[in-house]
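Undergrad: Please find the sequence and the predicted model below.
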Amino acid sequence: MRILIATNSYPTKKNPTHQIFVKNIHKGLKQKYDEVGLVYNLYYRWFKSDLGTGNALSSLLKLLALIWSFLPQFLYKAKSYDVIYSHGELLPGILIPALQKMHGIKHVCYVHGSANDFSKNKGIYFRLTKYVLEKSDFIVTNSNFMQKVIQSEYGLKSTLITPGYNAELFHLRENERTIDISFAGSAIWKKGVDLILKAQHSNKSFYIQNNLKIHLYTDGALKNRLLNTIHTQNLSDIMIIHERITDDELAALFSKSKIVLFPSREEPLGLIGIEAIASGCIVIAANTGGIKEYIIDGENGFLFEPDNVAELQEKIEYVFNNYSSIKEKFKHSHKTVEAYSIKSGIDQTTDFLNSISADR
C-alpha cells in the first residue's frame, strides 16, 4: 500500500514542537510500507508560529503557503498513492475532496481536536469540517471523548487509534528529581496555564515557606501577559518561565520533575499527560476530555475540576505533603499508559490500513 500523509503543521527547525506525533507516525509507517510520502505546509519551515499569536496577514500567508505546498503534490504525485492519511480535519482536509474526485484515492481523516472546538458555535468552520468528514472514506480519532463528539455533533462514526508517545524517550529513569513542579504546553486559554498563576498568587506563602518553584515551558498568545503578571505580582522567585522545548529536552525535564501540572480546560487526549506518567511523574490534571480516560484519580495521578483554582491548589498541597507515600503507591503507574505508545499506535494504524486495503 502507498500512503501519503498530509498535515498542516509539522516539526521543523523553526517550529520543533509542532505535531511531533505526526512525525512519529510518518517514521513508523515508513518501516511498515514501501512508500509513505509526506506533505505539509512549508510556512512552518519558513516562519516561527506559536499558537494564538497570528493575525490576518499571517493567516493569509499560511493559506497561500498551504496551497503552494500541496498543489504540486495533489495535482501530479498524489495519483500514485492508494490512501491520503490527513491530520487536520479542516486544514489540509478541505483540499482533499477534490483530490478524491480527481484520482479516486481513499481519504482517511485523523481528527485531533479542532472538530470539538468548531462544534461549539456551529459557524462556518463547523460546516466546512462537517463537509470534509462526510466526504472522507474513513475517520480516525484519538480518544473515546472525541469519538463521542464526532458521533453527537457530526453524526458520524470513527475508529479509535492512539497517536502514540515515544516510549524510547519517555520512560522511568532512576535519577534524582530536582524540579518540584513543571508545566509544558502552549500559553493559550484552553491549556489553563493562567490557573497555575492564580493558584500560586492566592497561596504565595505556601510556595515561599516550602521553597517551591514552578517551571513553565511555554510559548503562545498569553506568554507576555504571564510574564507581566509574574512581574507585577512579585512571583519571579517562585515562578520561572522558559521557552518551549523539544521532545528530547521534555523527556529530560520529566525525568527530573516530581509533579507535572496539566490544567487544560479542554483536551481531546493530552499526550503531555501520558508522557509525564510514563516518565514517573505525579500528574495533577483537569478532569476533562480524554484526560480522564488514562488518569484514574488517586491511582496513577490526580484530577481536579476544570477552572477550579482552589481544588488545583488543594491537590498540589496534598501531593507535596505526601510525596514519598504517593511516589511509593504510584511506582508502577508508568505501566498504565503503555497502551498509548507509538508502537501501539503504529500497530493499530497498520491493522486499520491493511483492513481497508483488503476491502478495496
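TA: Yep, it's here.
Undergrad: my read: K30 touches G37, true?
TA: No. Using Cβ atoms under 8 Å, K30 is not in contact with G37, being 9.6 Å away. Where C-beta positions appear, they are placed from N, C-alpha and C, glycine not excepted.
Undergrad: and these two? which has more neighbours close in?
TA: G37 (18 against 15; other Cβ atoms under 10 Å).
Undergrad: Now do the SS call for the more buried one.
TA: The three-state label given to G37 by DSSP: H, G, I helix; E, B strand; the rest coil is strand.
Undergrad: Just read off the phi/psi values of the residue of the chain most remote from its centre.
TA: Residue distances from the centre of the chain (Cα atoms, centre = their mean) peak at Q209, which lies 34.5 Å from the mean C-alpha position. Phi and psi for Q209, reported as degrees, to the nearest 10, are phi -60, psi -30.
Undergrad: Can you give me the separation between it and L195?
TA: As judged by Cβ to Cβ, to the nearest Å, Q209 and L195 stand 21 Å apart.
Undergrad: same question, P16
TA: For P16, the distance to L195 equals 26 Å [Cβ to Cβ].
Undergrad: neighbour count winner among the two?
TA: A direct count of neighbours by other Cβ under 10 Å for P16 and L195 places L195 higher, at 21 against 15.
Undergrad: what residues are up against that one?
TA: Counting by Cβ atoms under 8 Å, 6 or more residues apart in numbering, L195 touches P263, D307, V309, L312.
Undergrad: Can you turn the buried part of these into a ChimeraX selection?
TA: A single ChimeraX command selects the buried members of these (16 or more other Cβ atoms under 10 Å):
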select :263,309,312
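Undergrad: Mind putting the contacts of L195 into JSON lines with secondary structure and pLDDT?
TA: As requested, the contacts of L195 are arranged in JSON lines below (DSSP: H, G, I helix; E, B strand; the rest coil; pLDDT from 0 to 100):
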{"residue": "P263", "secondary structure": "coil", "pLDDT": "98"}
{"residue": "D307", "secondary structure": "coil", "pLDDT": "97"}
{"residue": "V309", "secondary structure": "helix", "pLDDT": "98"}
{"residue": "L312", "secondary structure": "helix", "pLDDT": "98"}
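Undergrad: Summarise which helices and strands the worst-scoring helix or strand of the chain on mean pLDDT is packed against.
TA: Sorted by mean pLDDT, DSSP states H and E, the helices and strands of the chain end with helix 96-103, the least confident at a mean of 88. For helix 96-103, the packing partners by 3 or more Cβ pairs under 8 Å, 6 or more residues apart in numbering; DSSP states H and E come out as strand 83-87, strand 106-111, helix 124-135.
Undergrad: JSON lines please, covering those and showing distance to S69, mean pLDDT and mean neighbour count.
TA: Putting those into JSON lines (distance: least, Cβ to Cβ, whole Å; pLDDT from 0 to 100; neighbours: other Cβ atoms under 10 Å) gives the following:
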{"stretch": "strand 83-87", "distance to S69": "13", "mean pLDDT": "96", "mean neighbour count": "26"}
{"stretch": "strand 106-111", "distance to S69": "18", "mean pLDDT": "96", "mean neighbour count": "24"}
{"stretch": "helix 124-135", "distance to S69": "18", "mean pLDDT": "96", "mean neighbour count": "17"}
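Undergrad: Many thanks, I have nothing further to ask.
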